[in-house]
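In: Need coordinates for the following:
(4 chains)
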There are 2 protein chains.
Amino acid sequence: MGAKEAPQYRKLYELLRGLIEDLSYQYGDLLPSENELCATHQLTRPTVRKALDMLVNEGFIIRQQGKGSIVLGLPKGIGILSLTGTTSAIGQDLLTTKIIVKPHIMSWEHAFGYELSERDRSLGCIHMERLRLINEKPVFYDITMIPNLNLPRFTSRTFENRSLFDILRKHYQIEVKGGEQKIQAITADDRIVKHFGVKKNHPILRVDRKLDTSKAGFSFFSQIYCNTENYSLIGSF
Amino acid sequence: MGAKEAPQYRKLYELLRGLIEDLSYQYGDLLPSENELCATHQLTRPTVRKALDMLVNEGFIIRQQGKGSIVLGLPKGIGILSLTGTTSAIGQDLLTTKIIVKPHIMSWEHAFGYELSERDRSLGCIHMERLRLINEKPVFYDITMIPNLNLPRFTSRTFENRSLFDILRKHYQIEVKGGEQKIQAITADDRIVKHFGVKKNHPILRVDRKLDTSKAGFSFFSQIYCNTENYSLIGSF
DNA sequence: TATTTGCACTTGTATATACAAGTTATTAAG
DNA sequence: CTTAATAACTTGTATATACAAGTGCAAATA
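Out: Next comes the predicted model:
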């Protein structure tokens, strides 16, 4: 059962996508016209168009009748909001992290409204709480709960100024692939008042997330409180 | 500049999509074969396949060689206005829309912090405000601003119980491809208090969005206020 | 009976062609 | 110089056709 050769339209798609990804084509550039691509690659227009259609669907280009195929560049990450995007937009030098509760193993308190598998529940979870400050002012408070399976030395690793995502990827070869989230506006309770130094009933953004990973059946959870008075969450989709 | 008739593949796409959305076809069902669709609608296979390709890209169906086009059902929203629990199960019958300010042409007040092109600014915008209710209780208040270019009869179309996205797609062949958004928690101001019937200083979710479309250079803007007391915004990523 | 073969169906890939329609730059007319 | 027509591009839509390849079932075979 050898690997079957990829169809022509797919090969052209991969080629063009590669040229966009390595910045040979950049935002605003025009790809060669369909007829040029036909001539260059010895294909007919329907085949070339199929490759271009794929690039359109994935957000690499748009096409304009009479003009050409306009390169958009690398598609933006999906998701209602991405915290990593937020941090990079702010600049990591200004963002500091303070551990409120060090990673430790405990039973699941509540997985923020998401259902747990029986295995995850029986094994307990790694729990940690962190406060993130921008210019020394607290902006994020997050609680993370990770199923306690097979993550050696995890609780002793330091999370100051390091992304949990990075640690999972580098030390455990686990990539966050996607997930779902719930977003609400709430008023600050006692704990938030204490950590954020805001008045009671100050409006706070609350995000409950379930994060799915490349490791089959391995998801973890986080609950994020955000003071959006001076900063708002930004995301592309 | 009359409304141009939609192409054949789009009409077939809309038809099939509608049949899936109203549950005439459900999860696991097979659509009629391509040749059947050709015969029924007097089209050739490439045209029929284009319609089916669109359904695949949007997650309504998958196709299996040798077998047929398998219906998956309603795809998950891209976090537009998905609500807790049941995105689709809420059922559109419970969601009603009340027009507060009918679509009309005016100058741009403020594009919610996003930059406008010179062309968009000079042409003015179509402005509308809507209140959305779930079980007769107001949950969303949204303001929409659309560049005033080339949308014949737009201001006279009714938006009650119809998605703006659907109208753009069906009547103008414009698909929303993505965008960016800012999310904040704020306290209810006078206008929100009036529309939502909540107390002053009630926490409210505010989302400012810029929505990019398949039409080159055409983006529009919306500002959404959401009472997340009983429903929260959900999204997958 | 159990297995294989073959047929009739399905979707997948690809070519060749034609005309419609939007964009841009050039050219001609005023 | 300014404006309008034109020509030469571009992508959009649609047809007609051919063969490859996967699926499922029925008939032939062992």
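
In: Quick one: residues contacting A:V139.
Out: A:R132, A:L133, A:C226, A:N227, A:N230, A:Y231 (Cβ atoms under 8 Å, 6 or more residues apart in numbering or on different chains). Heads up, the C-betas are built off the backbone N, CA and C, glycines and all.

In: cool, and A:C125?
Out: Contacts of A:C125 (Cβ under 8 Å, 6+ apart): A:I105, A:M106, A:S107, A:W108, A:M145, A:I146, A:P147, A:N148.

In: Hmm, A:Y25 is touching A:L19, no?
Out: Yes. Shown here, A:Y25 and A:L19 form a contact pair, counting by Cβ atoms under 8 Å, at 5.3 Å.

In: List only buried entries from the contacts of A:V139.
Out: For the contacts of A:V139, a burial check counting by 16 or more other Cβ atoms under 10 Å in any protein chain shown picks out A:R132, A:C226, A:N227, A:Y231.

In: Which ones, among those, also lie beside chain B?
Out: Filtering the buried ones among the contacts of A:V139 for proximity to chain B by Cβ under 8 Å from any Cβ of the partner chain leaves A:C226.

In: Please narrow the buried ones among the contacts of A:V139 to those residing in strands.
Out: A:R132, A:C226 (DSSP state E).

In: any chance of the buried ones among the contacts of A:V139 in CSV, plus pLDDT?
Out: What follows is the buried ones among the contacts of A:V139, written out as CSV (pLDDT from 0 to 100):
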residue, pLDDT
A:R132, 85
A:C226, 91
A:N227, 91
A:Y231, 76
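
In: Just flag the most distant two among the contacts of A:V139.
Out: A:R132 and A:N230 (13.4 Å; Cβ to Cβ).

In: How about the helix or strand encompassing A:L15 and DNA strand C, any contact?
Out: If you go by DSSP states H and E, A:L15 is part of helix A:8-21. Yes. For helix A:8-21, a contact with DNA strand C is found by Cβ under 7 Å from any atom of the strand, at A:Q8, A:Y9, A:R10.

In: And stretch A:24-39, by the same measure?
Out: No. Stretch A:24-39 stays clear of DNA strand C (Cβ under 7 Å from any atom of the strand), getting no nearer than 8.2 Å.

In: Wait, A:H195 touches A:Y141, no?
Out: Yes. Using Cβ under 8 Å, A:H195 is in contact with A:Y141, at 5.2 Å.

In: Chain A: strands as residue ranges?
Out: Using DSSP E, strands in chain A cover A:61-64, A:68-71, A:95-106, A:125-134, A:137-147, A:176-187, A:203-213, A:219-226, A:233-236.

In: Which positions in the fourth one come out as buried?
Out: The neighbour-count check on strand A:125-134 (16+ other Cβ under 10 Å) flags A:C125, A:I126, A:H127, A:M128, A:E129, A:R130, A:L131, A:R132, A:I134 as buried.

In: Would you mind measuring from the third one to A:R157?
Out: When you say that, I think you mean A:H127. Per Cβ to Cβ, to the nearest Å, A:H127 is found 14 Å from A:R157.

In: Quick check: can you list the domain ranges of chain A?
Out: Chain A resolves into domains spanning A:8-71, A:83-226 when parsed by automatic domain parsing.

In: residues near A:A188, how many?
Out: Neighbour count for A:A188, taken as other Cβ atoms under 10 Å in any protein chain shown: 22.

In: err, A:K67, not the other one
Out: Count around A:K67 with other Cβ under 10 Å applied: 11.

In: same check, this time on A:V193
Out: A:V193: 16 neighbours (other Cβ under 10 Å).

In: could you list every residue that touches it?
Out: A:V193 neighbours (Cβ under 8 Å, 6+ apart): A:K199, A:K200, A:H202.

In: Next one: the residue lying closest to A:Y114 once chain neighbours are set aside from B:R119, what distance?
Out: Leaving out its chain neighbours, the residue that sits closest to A:Y114 by Cβ to Cβ, 6 or more residues apart in numbering or on different chains is A:K210, at 4.7 Å. A:K210 sits 42 Å away from B:R119, going by Cβ to Cβ.

In: And A:L205, how far from chain B?
Out: Distance, A:L205 to chain B, by Cβ to the nearest Cβ, to the nearest Å: 4 Å.

In: How much space separates the closest residue to A:T96 other than its chain neighbours from A:I70?
Out: Using Cβ to Cβ, 6+ apart and skipping the chain neighbours, the partner closest in space to A:T96 is A:L133 (5.0 Å). Distance of A:L133 to A:I70, given as Cβ to Cβ: 41 Å.

In: And for A:D212?
Out: Counting by Cβ to Cβ - A:D212 and A:I70 are separated by 33 Å.

In: picking up where we left off before, comparing A:H195 and A:Y141, which residue is more hemmed in?
Out: Set A:H195 next to A:Y141 and count neighbours by other Cβ under 10 Å: A:Y141 wins out with 23 against 18.

In: In terms of pLDDT, where does the residue nearest to the more buried one when sequence neighbours are not counted sit?
Out: Using Cβ to Cβ, 6+ apart and skipping the chain neighbours, the partner closest in space to A:Y141 is A:Y225 (4.4 Å). Listed pLDDT for A:Y225 reads 92.

In: Out of the strands of chain A, flag the one nearest A:V48.
Out: Among these, strand A:68-71 comes nearest to A:V48, with 10.1 Å by Cβ to Cβ.

In: Contacts for that closest one next, please.
Out: So strand A:68-71 is in contact with A:20, A:25-31, A:33-34, A:52, A:55, A:60-64, B:216, going by Cβ under 8 Å, 6+ apart.

In: right, is stretch A:58-67 up against chain B?
Out: Yes. Among the residues of stretch A:58-67, A:G59, A:I62, A:Q64, A:K67 lie within reach of chain B under Cβ under 8 Å from any Cβ.

In: what about that stretch, start to end distance?
Out: 20 Å (Cα to Cα, to the nearest Å).

In: neighbours around the residue lying closest to A:T187 once chain neighbours are set aside, how many?
Out: Using Cβ to Cβ, 6+ apart and skipping the chain neighbours, the partner closest in space to A:T187 is A:N201 (4.4 Å). The tally of other residues near A:N201 (other Cβ under 10 Å) stands at 15.

In: so who does A:N201 touch?
Out: Counted by Cβ under 8 Å, 6+ apart, A:N201 has contacts A:T187, A:A188, B:N201.

In: so how far is B:I62 from it?
Out: 49 Å.

In: Contact residues of chain A facing DNA strand C?
Out: Counting by Cβ under 7 Å from any atom of the strand, the residues of chain A that sit close to DNA strand C are A:7-10, A:42-47, A:64-67.

In: The residue nearest to A:T96 bridge partners, please.
Out: A:L133 has these beta-bridge partners by DSSP bridges: A:T96, A:P138.

In: ok, back up a step: hmm, which two among the contacts of A:C125 are most spread apart?
Out: So, those by Cβ to Cβ: farthest apart are A:S107 and A:I146, at 13.2 Å.
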